[in-house]
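[1] Provide a 3D model corresponding to the input given below.
(chains A and B)
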Amino acid sequence: GAVVSQHPSRVICKSGTSVKIECRSLDFQATTMFWYRQFPKQSLMLMATSNEGSKATYEQGVEKDKFLINHASLTLSTLTVTSAHPEDSSFYICSARRGAPNTGELFFGEGSRLTVL
Amino acid sequence: GEDVEQSLFLSVREGDSSVINCTYTDSSSTYLYWYKQEPGAGLQLLTYIFSNMDMKQDQRLTVLLNKKDKHLSLRIADTQTGDSAIYFCAESINNNDMRFGAGTRLTVKP
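    Residues are numbered from 1 along each chain as shown, chains lettered A, B, ... in the order given. I've put the predicted structure just below:
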């Protein structure tokens, strides 16, 4: 089956540094990838939709300059948390759509847990 | 408040049935999903149901939808220890903008 892989699965960083999380579709090309974050005991919240070759579409309330998304190829999207602060500590999950928009199935990565000290 | 709500924990004995419940608020939702997340793995689509359906059965899984009450449930018959995982309920209008619940952690005791 399709596999989506995230790296790193866990990262700890100091406040003020930037952290990059990668999301790769390993056996299919994904024109669209999605980034979510989840706080403990809360819903998985969509942050942004990443489109290959164009700018990401951010959800309301998500800072574009804080969470930089790059979808440079059909198999890779990256999320960079810039100048990280403790409140950015969260679980970040990506997903990639295989197939046509609106009909293709979503495949999810394993998630990346970010802890900012 | 949350768009999609589900209880955080459920514990059952092996062999019993598990019922995981979910409520949602958007009456325009056309797709309703159940995802399963095992430790260290990504969310996997278990099953989904269109809003014009009341029930969908797939082997040990039964999905019930009460559109009037905006209530979705997932029943797992003959629950096994391998069913222990986090189950996410999600809904969308167009299979694009999905809204997830917080996930229900199912623990199956031998």
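[2] pLDDT value on the residue positioned nearest the centre of chain A, please?
    For chain A, the residue nearest the mean C-alpha position is A:Trp35 (3.5 Å; C-alpha atoms, centre = their mean). pLDDT recorded at A:Trp35 is 95.
[3] so it sits in a strand?
    Yes. Assessed by DSSP: H, G, I helix; E, B strand; the rest coil, A:Trp35 belongs to a strand.
[4] what's the helix-or-strand element of chain A with minimal mean pLDDT packed up against?
    Lowest by mean pLDDT, DSSP states H and E among the helices and strands of chain A is strand A:105-108, with a mean of 86. Identification of packing neighbours for strand A:105-108 by 3 or more C-beta pairs under 8 Å, 6 or more residues apart in numbering or on different chains; DSSP states H and E yields strand A:90-98, strand B:43-50. Quick note: C-beta positions are derived from backbone N, CA and C, even for glycine.
[5] Minimum distance to A:Lys64: which of those strands has it?
    Proximity to A:Lys64 (C-beta to C-beta) singles out strand A:90-98 among the helices and strands packed on strand A:105-108, at 15.9 Å.
[6] and the closest one, C-alpha only, in CSV?
    Backbone C-alpha positions of strand A:90-98 (Å, rounded to 0.1, in the frame of the first residue of the first chain) are rendered in CSV as follows:
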residue,chain,number,x,y,z
SER,A,90,3.0,19.8,19.4
PHE,A,91,2.4,16.8,17.3
TYR,A,92,2.6,17.5,13.5
ILE,A,93,1.2,15.1,11.0
CYS,A,94,1.3,15.3,7.2
SER,A,95,-0.9,13.6,4.7
ALA,A,96,-0.7,13.1,1.0
ARG,A,97,-3.5,12.6,-1.5
ARG,A,98,-3.0,9.8,-4.1
